[in-house]
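Peer 1: Have a look at this prediction, sequence included:
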Amino acid sequence: MNINEAIDLLKNKGYKATGKRKDILAYFADKDGYRTAKDLITHLENRYDGVSFDTIYRNLHLYDEMGILETTELNGEKHFRMNCTSHHHHHFICNECGKTKEIKVCPMDDVQQTLANYAIEGHKFEIYGLCPSCQEH
């Protein structure tokens, strides 16, 4: 999803596309990988004096609910990234820097055979480790 698609989605759902909301979208669109709310707040503090944690978390939750952002949990903290919904895939996520690499393999074919009598409603498959850059440090 790109910024314009996200803004259109917000407007279609009755939300205002404020400058702060656009800046949040631009932050995630420019970053490769998952980032925390703290990362975002640090970034926005340069532009907005006294940026509110509540405002940031409320917008992150809204973007997650609307499918604009993807979320994952790393080291006990929620991380966010721009949703890349162009096709079904999974990610390798670097534990150090948060960068991601797309994984085109999906284990669900095997899992569906194993759980033939179960109604699977969704899945999430992620692999964690260190990217090549972080392994060098």
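Peer 2: Yep, that arrived.

Peer 1: Listing request: residues of the chain with sub-threshold pLDDT.
Peer 2: 85-86 (pLDDT under 70).

Peer 1: Where do the domain boundaries of it fall?
Peer 2: The record assigns the chain these domain ranges, following automatic domain parsing: 3-82, 90-136.

Peer 1: Okay, and the residue nearest the centre of the chain sits in which element?
Peer 2: Taking C-alpha atoms, centre = their mean, the centroid of the chain lies closest to Arg81, which sits 2.5 Å from it. Taking DSSP states H and E as the criterion, the element that holds Arg81 is strand 77-82.

Peer 1: for Gly14, same thing?
Peer 2: Using DSSP H and E, Gly14 sits in no helix or strand.

Peer 1: The strand holding Arg81: what's the following helix or strand?
Peer 2: Assignment by DSSP H and E places the next element after strand 77-82 at strand 90-94.

Peer 1: Where does the residue located most distally from the centre of the chain sit: helix, strand or coil?
Peer 2: The centre of the chain is farthest from one residue, Asn117, which by C-alpha atoms, centre = their mean lies 31.9 Å away. Under DSSP: H, G, I helix; E, B strand; the rest coil, Asn117 falls in the coil class.

Peer 1: which residues touch the residue nearest to the centre of the chain?
Peer 2: Shown in contact with Arg81 (C-beta atoms under 8 Å, 6 or more residues apart in numbering): 28, 31, 33-35, 69-70, 72, 100. Where you see a C-beta, it was placed from the backbone N, CA and C, and this is true even at glycine.
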